[in-house]
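A.B. asks: Sharing a model prediction with you, sequence too.
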Amino acid sequence: MRRWIIFGLLIAVAAALPLFLDARGYWIRVLTLTLLFAAMGQAWNIVGGLANQISLGHAAFFGIGAYTSTLLLINFGLSPWIGLFAGAALASVAALVIALPTMRLQGHYFTLATLAFGEVMRVIANVWSSLTGGPVGISVPFMAPDPLMYSFRTTVPHAYIALLALLLVTAVFVWIDRGAMGYRLRAIKGNEAAAEVIGVNTMRVKLSAAVISGALMGALGTLYVQLALFFDPDTAFGLVPISVRVALIAIIGGVGTALGPLIGAAFIIPLEEFANDLLSSGAAGLSQIAYALVLIAVILWRPRGLVTLFDAVSSKVRKKP
Amino acid sequence: MAYLQALLDGLLIGGVYAVISIGLTLVYGVMGIVNFAQAEFLMIGMFVAWFAWAYLGLDPVVAAPLSFAAAFAIGWVVQGQLIGRVLKAPAVAQIFLTVGVLILIENSALMLFGSQFRSVTTPYQTMSLQLGPLFVSVPYLIAFVMSVLCGAVLWWFMGFSWFGRAMRATAQNPTAAQLMGIDTAFMYKMAFALGVGLTAFGGAVILPYTTVFPTVGGQFVVLMFTVVVLGGLGSVAGAVIGGLTVGVVQSMSTLFFPIQLQNLVLFVVFILVLAFRPQGLIGAAR
């Protein structure tokens, strides 16, 4: 219960903040990025938290979404709103393709396979330059402000779209967590063989979770590039910039909890921006060092995530429906 | 003849891959932890060798023991202070702790040494021996011979010394090993330091035919995982076979695909092996 109050408070703050920030300024970008990455962490959480399959390849789905909507816009003038669904559809196909052979893998092996899949996508995007523009990267074309084309005068609409996306992804997460699928996923997490014996179609449940997670990640890729307006294969399919960061947000916040990714993103993204701002003038790499130290500290000190800070009695007490 | 030449090059490069990957498989075999930061120690080894060449005038091959020692010392601290604390933690904590170490080492190198590419010049760099119709590149050959020597020393150490026996006992059953008077925490530190030291050694011996820069580890990380998974995670003999296989696959694939796709072929092999034979191609039980 306490966690939901905190969740509501954070959402209320996020909803009110754009009214006070400079509509074209720096801080509203930070807020939007925080909300988008919270949503991505939540999408990752469906596979990483509920099924306990630690993916380090979610950049693949993110990049597919980003490239699909942008290329449809550039080549066919198709609105990113439609591209968003096309990207999500393609990402869900990709998620199915990679999940089919790897879903049986456990622990470290699954992580390694997803990591390789993300890297495969990065190499393809770099090499297939006739389609993607290759290592040079790709820009979202400049357009006159038109909400139907996902083009706005200020950053404020981006912030509210990101907030809405976060609420939607969280709703999907909670719906899965509380529903029959959540019970099945927890059964698999507890003991896969036993779950199979009592009649859980483990393959099907895991595949569904992977496809939903991949599709959401693909949709969020479109939202991100419409804000960033430029990307290249190494950022869109990046291991550290996307895959690790998204997983990290869920882990630092609290894996498998609805509140975790929001806490994680609210902690990590402003910290990164702050560190970049403050330290990048000092020396290259310093802000990333700070980032790594925070990560190591949180894992050693709060292995179940910062969300446990809010739990009154014990970190084990988790309200089950 | 191009095939034979590619096969020969592949085997020579593969020998080095075997040594850099033995470190990874050793850490997994003893502790059950996959060290995602392993390739960063390759980078450390390369930098140590580069500085030894630039300031002391040492050939990278001669400096390889220095690389080993530096990585050994860093690995000892990393295991003792960080990884030792998550040995019983869930996989997710272990994975992300080593990812944190990866980011930390890579960016420390970036801060200390800058992002420029560095390479060494050695008298034998462009030499090659003619063997009938085939050419044997001298830097490849030297790196291969050094790797074989290093592997042989490790094989003796693990198989015939007291330390090696104690380490294998710790891998098999830490509790029983402790009861027999083995300091398991010490053995874990030893295994980790030795593992990253070997990888750094491999980094030094390949320096004559490659360049070093802070993010060089990224080029090797999936490669190393491919090697160990091919041979079965935790199996040292498997890493040798895996290393040679990966070297040959990489070298052969350049005959059929453009060079940019070299790694793609490797990644696809990797995913297929994981999907169909996660216990490794040779199926070694550890």
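C.D. replies: Perfect, thanks for sending it. A quick note: this is a predicted structure, and the numbers were derived from the prediction, not measured.
A.B. asks: Okay, helices next: where are they in the stretch 51-200 of chain B?
C.D. replies: For the stretch 51-200 of chain B, helices defined by DSSP state H, counting those that start in this stretch occupy the ranges B:60-81, B:91-113, B:138-160, B:162-172, B:174-179, B:184-206.
A.B. asks: Which one of those lies nearest to chain A?
C.D. replies: Proximity to chain A, assessed across the helices of the stretch 51-200 of chain B by C-beta to the nearest C-beta, is greatest for helix B:91-113 (3.6 Å). C-beta here means a position set from N, CA and C on the backbone, and glycine is covered the same way.
A.B. asks: Does anything pack onto that closest one? Which helices or strands?
C.D. replies: Judged by 3 or more C-beta pairs under 8 Å, 6 or more residues apart in numbering or on different chains; DSSP states H and E, helix B:91-113 is in contact with helix A:107-127, helix A:245-253, helix A:286-301, helix B:38-56.
A.B. asks: just for the stretch 101-250 of chain B, where's the confidence low?
C.D. replies: Within the stretch 101-250 of chain B, no stretch has pLDDT under 70.
A.B. asks: actually chain A, not the one I typed
C.D. replies: Ranges of chain A meeting pLDDT under 70: A:1, A:279-284, A:311-321.
A.B. asks: got the helices and strands packed on helix B:91-113 as a markdown table, with mean neighbour count columns?
C.D. replies: Output for those, formatted as a markdown table (neighbours: other C-beta atoms under 10 Å in any protein chain shown):
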| stretch | mean neighbour count |
| --- | --- |
| helix A:107-127 | 24 |
| helix A:245-253 | 28 |
| helix A:286-301 | 19 |
| helix B:38-56 | 24 |
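A.B. asks: Can you check which of those gets nearest to B:Val92?
C.D. replies: When the helices and strands packed on helix B:91-113 are compared by C-beta to C-beta, helix A:245-253 sits nearest B:Val92, at 6.1 Å.
A.B. asks: Close to chain B: what parts of the stretch 101-250 of chain A are there?
C.D. replies: Within the stretch 101-250 of chain A, the positions near chain B by C-beta under 8 Å from any C-beta of the partner chain are A:101-102, A:105, A:107-109, A:111-113, A:115-117, A:119-120, A:123-124, A:126-127, A:239-240, A:244, A:247-248.
A.B. asks: before we move on, back to that, so which of the helices of the stretch 51-200 of chain B is the most surrounded?
C.D. replies: Among the helices of the stretch 51-200 of chain B, ranked by average contacts under mean count of other C-beta atoms under 10 Å in any protein chain shown, first place goes to helix B:184-206 (a mean of 26).
A.B. asks: Between helix B:138-160 and that helix, find me the angle.
C.D. replies: Taking axes from the mean of the first three to the mean of the last three C-alpha atoms, to 10 degrees, one finds helix B:184-206 and helix B:138-160 inclined to each other by 160 degrees.
A.B. asks: What sits closest to A:Thr34 if chain neighbours are left out?
C.D. replies: A:Ile269 (4.2 Å; C-beta to C-beta, 6 or more residues apart in numbering or on different chains).
A.B. asks: Would you confirm that B:Ser115 contacts B:Pro214?
C.D. replies: Yes - B:Ser115 is within contact range of B:Pro214, at 6.2 Å (criterion: C-beta atoms under 8 Å).
A.B. asks: what about those two, which has more around it?
C.D. replies: Taking other C-beta atoms under 10 Å in any protein chain shown, B:Ser115 and B:Pro214 do not tie; B:Pro214 has more neighbours (23 against 12).
A.B. asks: Packing partners of the one helix or strand A:Tyr183 maps to?
C.D. replies: Here A:Tyr183 sits within helix A:180-190, counting by DSSP states H and E. Judged by 3+ C-beta pairs under 8 Å, 6+ apart, helix A:180-190 is in contact with helix A:192-197, helix A:202-228.
A.B. asks: Tell me which of these sits most buried.
C.D. replies: helix A:202-228 (a mean of 24).
A.B. asks: Can you check what angle separates that one from helix A:180-190?
C.D. replies: Using the same axes, to 10 degrees: helix A:202-228 against helix A:180-190 is 110 degrees.
A.B. asks: now for helix A:202-228, which elements pack on it?
C.D. replies: Judged by 3+ C-beta pairs under 8 Å, 6+ apart, helix A:202-228 is in contact with helix A:26-45, helix A:59-76, helix A:80-102, helix A:156-178, helix A:180-190, helix A:192-197.
A.B. asks: What distance separates the opening and closing residues of stretch B:204-215?
C.D. replies: For stretch B:204-215, the first-to-last residue distance is 16 Å (C-alpha to C-alpha, to the nearest Å).
A.B. asks: and it, how far out from the chain's middle?
C.D. replies: The chain centroid and the centroid of stretch B:204-215 are separated by 13 Å, computed with C-alpha atoms, centre = their mean, to the nearest Å.
A.B. asks: In this structure B:Met43 contacts B:Val216, no?
C.D. replies: Yes - when contacts are counted by C-beta under 8 Å, B:Met43 is listed as touching B:Val216 (5.0 Å).
A.B. asks: Could you say which one of the helices and strands packed on helix B:91-113 comes nearest to A:Leu17?
C.D. replies: Among these, the nearest to A:Leu17 by C-beta to C-beta is helix A:245-253 (18.9 Å).
A.B. asks: by contact count, what packs against that closest one?
C.D. replies: Counting by 3+ C-beta pairs under 8 Å, 6+ apart, the packing neighbours recorded for helix A:245-253 are helix A:26-45, helix A:260-279, helix A:286-301, helix B:91-113.
A.B. asks: Output the last one as PDB - backbone C-alpha positions only.
C.D. replies: Output for helix B:91-113, consisting of C-alpha atoms alone and laid out as PDB, is shown next (Å, rounded to 0.1, in the frame of the first residue of the first chain):
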ATOM      1  CA  ALA B  91      22.400 -13.900 -10.500                       C
ATOM      2  CA  VAL B  92      21.100 -10.500 -11.200                       C
ATOM      3  CA  ALA B  93      23.300  -8.900  -8.600                       C
ATOM      4  CA  GLN B  94      26.400 -10.800  -9.800                       C
ATOM      5  CA  ILE B  95      25.800  -9.900 -13.400                       C
ATOM      6  CA  PHE B  96      25.300  -6.200 -12.700                       C
ATOM      7  CA  LEU B  97      28.200  -6.000 -10.300                       C
ATOM      8  CA  THR B  98      30.600  -7.200 -13.000                       C
ATOM      9  CA  VAL B  99      28.900  -4.800 -15.500                       C
ATOM     10  CA  GLY B 100      29.600  -2.000 -13.000                       C
ATOM     11  CA  VAL B 101      33.200  -3.100 -12.800                       C
ATOM     12  CA  LEU B 102      33.300  -3.100 -16.700                       C
ATOM     13  CA  ILE B 103      32.000   0.500 -16.900                       C
ATOM     14  CA  LEU B 104      34.400   1.500 -14.100                       C
ATOM     15  CA  ILE B 105      37.600   0.100 -15.700                       C
ATOM     16  CA  GLU B 106      36.700   1.200 -19.200                       C
ATOM     17  CA  ASN B 107      36.100   4.800 -18.200                       C
ATOM     18  CA  SER B 108      39.100   4.900 -15.800                       C
ATOM     19  CA  ALA B 109      41.200   4.000 -18.800                       C
ATOM     20  CA  LEU B 110      39.500   6.600 -20.900                       C
ATOM     21  CA  MET B 111      40.200   9.200 -18.300                       C
ATOM     22  CA  LEU B 112      43.800   8.200 -17.700                       C
ATOM     23  CA  PHE B 113      44.900   7.400 -21.200                       C
END
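A.B. asks: and that helix with helix A:260-279, angle?
C.D. replies: If you take the same axes, to 10 degrees, helix B:91-113 sits at 10 degrees to helix A:260-279.
A.B. asks: which ones are touching the closest residue to chain B within the stretch 101-250 of chain A?
C.D. replies: Here the stretch 101-250 of chain A gets closest to chain B at one residue, A:Pro101, 3.3 Å apart by C-beta to the nearest C-beta. By C-beta atoms under 8 Å, 6 or more residues apart in numbering or on different chains, A:Pro101 lies in contact with A:Ala113, B:Ile271, B:Leu272, B:Leu274, B:Ala275, B:Phe276.
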